[in-house]
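Visitor: Build me a structure from this.
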Amino acid sequence: MNSIRERLLREVVARLSLAVVPIPVLRYPTAPVTREASPALLLFAEGDSITAHANNRVDRLLVIRVVAIARGDDAFDQADLAMVAAHAALMRDTNLGGLALALREIDCEWETEEADAGAVALPARYEIRYRTHVLDQTQTG
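Guide: Down below sits the predicted model:
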C-alpha cells in the first residue's frame with residue numbers, strides 16, 4: 001500500500017483532473033509545457049515536514065504548488081478560470097476523503113513571460129496537514 005503522502009497527491013491529481021477537463025493535469029512534469037499543450041495545470045510537492053510527535057503518531061505538513069499555465073491573448077482568463085476550478089475542487093472537501101486533517105491555501109501570485117508568446121503562470125500553494133502512525137506511513141493516525 002502507498003504512503004498517505006502518495007495517496008494524498010493522487011487524490012489531489014484526481015480532483016484537479018475532474019475540475020479542469022479537458023485541460024491536462026501534469027504531476028511534476030520533467031519538460032516545459034509546450035505552446036501546443038497549453039493550457040495545463042501542474043502539480044508539485046514542495047515539501048513534507050514533521051510538525052509533532054505524540055502517542056505513536058506523527059503530524060505532518062505537505063506543501064503543494066498548483067500552477068495554471070496558459071498562453072495567448074486570453075492567457076490571464078484561461079489561467080484564472082483553471083485556478084478557480086482547481087481551488088473549488090480542493091476546498092470542497094478539505095479532509096481529502098479522510099486522508100487529511102486539513103487543507104488550506106497559503107498564497108498565490110501571477111507570473112508572466114512576454115518572450116514566450118505571452119505565457120502566464122498562476123501558481124497557488126496549499127498546505128495539507130495529515131497524520132501517520134510513527135512506524136507505518138501507510139496508516140493514518
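
Visitor: Give me the neighbour count for the nearest residue to Glu109 once chain neighbours are set aside.
Guide: For Glu109, ignoring the flanking residues on the chain, the nearest one in space by C-beta to C-beta, 6 or more residues apart in numbering is Pro123 at 6.4 Å. C-beta coordinates here come from the backbone N, C-alpha and C atoms, glycine included. Neighbour count of Pro123, defined by other C-beta atoms under 10 Å: 18.

Visitor: Double-check Pro123 against Glu105; I have them as touching.
Guide: No - in this structure Pro123 lies outside contact range of Glu105 using C-beta atoms under 8 Å: 11.6 Å.

Visitor: so what's in contact with those two at the same time?
Guide: Taking C-beta atoms under 8 Å, 6 or more residues apart in numbering as the contact criterion, Pro123 and Glu105 have no common neighbours.

Visitor: so after the helix or strand bottoming out on mean pLDDT in the chain, what's the next helix or strand?
Guide: Across the helices and strands of the chain, mean pLDDT, DSSP states H and E gives its lowest value to strand 111-113, namely a mean of 57. The C-terminal neighbour of strand 111-113 among helices and strands, as given by DSSP states H and E, is strand 119-133.

Visitor: Quick check: the residue sitting furthest away from the middle of the chain vs Ile128, distance?
Guide: Note on the chain: the largest C-alpha distance from the chain mean falls to Asn55, namely 29.8 Å (C-alpha atoms, centre = their mean). From Asn55 across to Ile128, the span is 21 Å (C-beta to C-beta, to the nearest Å).

Visitor: can you list the weak-confidence ranges in the protein?
Guide: 110-118 (pLDDT under 70).

Visitor: can you give me the strands for it?
Guide: 25-27, 40-54, 57-70, 102-108, 111-113, 119-133, 136-140 (DSSP state E).

Visitor: Mind listing the strands the first one pairs with, and their directions?
Guide: Sheet partners assigned to strand 25-27 using DSSP bridges are listed as strand 40-54 (parallel).

Visitor: centre of the chain versus stretch 67-75, how much separation?
Guide: 18 Å (C-alpha atoms, centre = their mean, to the nearest Å).

Visitor: Nothing else from me, thank you.
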